[in-house]
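**Q** kindly return the folded structure for what I paste below:
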Amino acid sequence: MKKFIISILLSAAFMAAPSVYSHAQSICRLKPTTTVLLYPEGQEAEKGLPEADGPQISNGITESEWTDETGRIGSISDSARVDIYLPKKCNGQMIVVCPGGGYRYVSALKEGLHVADWMTARGIAVAVVKHRMPEGHWEIPLIDVQNAFRYCRAHAAEWGISQIGVMGFSAGGHLAASASTLYVDEMTRPDFSVLIYPVVSLDRKFVGQGTRNNLLGKDEMWDDKDMKVAEFEEKQMLYHKLLTHYSLQNHINEKTPQAFIVHCSDDKQVPVEHSILYYTRLIDSNVDAEMHIYPKGGHGWGFSSEKWKGKGNDKFAYARADFEETLERWLENIRKM
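**A** Presented below is the predicted three-dimensional model:
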């Protein structure tokens, strides 16, 4: 029997927490078990890792990769990589993590490292994907995530892994939902999905132009009225086709992986309608789904661990314990299936 669970918290005591994320990196000492380049130098570009498949399409970025004090990493190009975190004793689960960042950078600390810290403490292996930025080359992020899945599947027996899911935040949630709906084979299909304040639709009424433009290209790229009418119309047709293709609710069916979805009602950056849309389409397709909507928290609150809880300006502090308990319970139920 399929299960559909929705939890909407209508009120809660809201507690502000002090200080800032810049301290978080020094608090969490977790290091990757290994870091794997998706496209090692010296290999044929179209092959990448032996376990990988699909072309290494250039994103055209020539500037150096950068990292800021909050743990955001931008201008990722040939250095696309996966940080693998293996727990001391693995319970058989692994999660491929897609940090957010509007397809302009990856928020590798609060939506990457801290996820790995929390998960590995519970026996769950983690692969944090630091994918190439698309710069209008819309295929690139999903190719990188699918190649990360291929790598993890190829090493699953070695690591004691029987289930591999995907988790994503914000635009990384869009990427995780892309992996869940646009997979190409069983190697790249996640066994389950965890979507945290995800972007789902690229429709203009649902999402700001930043994420959409970073993925598909800036609006003016598609609106060159100086070109011939036929060429202009062709470009516009392609653009609207891409908007439909990357509005991921359009691809949900009975084979879409089951999902755990979390959002806050006061999220102004990515409205809660994104999560509701994905959830209702899963229900319509008779796919197991669980959604939790919290009244406060805004956007980008990221993940917590015991090592840094309460160390940031955490608007979601009042709900973290409930969120962590329900996610841990859900993952345990998935593992037992």
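**Q** on the three-state scheme, the nearest residue to Ile61 once chain neighbours are set aside is what?
**A** Closest residue in space to Ile61, ignoring its immediate chain neighbours: Ser77 at 4.3 Å, by Cβ to Cβ, 6 or more residues apart in numbering. Quick note: C-beta positions are derived from backbone N, CA and C, even for glycine. Following DSSP: H, G, I helix; E, B strand; the rest coil, Ser77 is assigned to coil.
**Q** I'd like the distance between Ser77 and Ser58.
**A** As judged by Cβ to Cβ, to the nearest Å, Ser77 and Ser58 stand 8 Å apart.
**Q** compare these two (neighbour count), which wins?
**A** Neighbour count, other Cβ atoms under 10 Å: between Ser77 and Ser58, Ser77 has more, with 18 against 14.
**Q** which pLDDT value goes with that one?
**A** Turning to Ser77, the model gives it a pLDDT of 87.
**Q** below-threshold pLDDT in the stretch 51-200 of the chain: ranges please.
**A** Across the stretch 51-200 of the chain, the ranges flagged by pLDDT under 70 are 51-56.
**Q** so where do the helices sit in the stretch 101-250 of the chain?
**A** 114-120, 140-154, 156-159, 171-181, 209-216, 229-245 (DSSP state H, counting those that start in this stretch).
**Q** CA atoms of the first one as CSV?
**A** If I follow you right, that is helix 114-120. Taking C-alpha atoms only, helix 114-120 is exported to CSV below (Å, rounded to 0.1, in the frame of the first residue of the first chain):
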residue,chain,number,x,y,z
HIS,A,114,27.5,19.3,7.4
VAL,A,115,25.1,16.9,5.7
ALA,A,116,28.0,14.4,5.5
ASP,A,117,28.8,14.9,9.2
TRP,A,118,25.2,14.2,10.2
MET,A,119,24.7,11.3,7.9
THR,A,120,28.0,9.4,8.6
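**Q** who are the packing partners of it?
**A** strand 81-85, strand 93-98, strand 125-130 (3 or more Cβ pairs under 8 Å, 6 or more residues apart in numbering; DSSP states H and E).
**Q** to Tyr105, which of those lies closest?
**A** Proximity to Tyr105 (Cβ to Cβ) singles out strand 125-130 among the helices and strands packed on helix 114-120, at 9.8 Å.
**Q** follow-up on the earlier one: am I right that the residue nearest to Ile61 is in contact with Lys130?
**A** No: counting by Cβ atoms under 8 Å, Ser77 stays clear of Lys130, with 11.0 Å between them.
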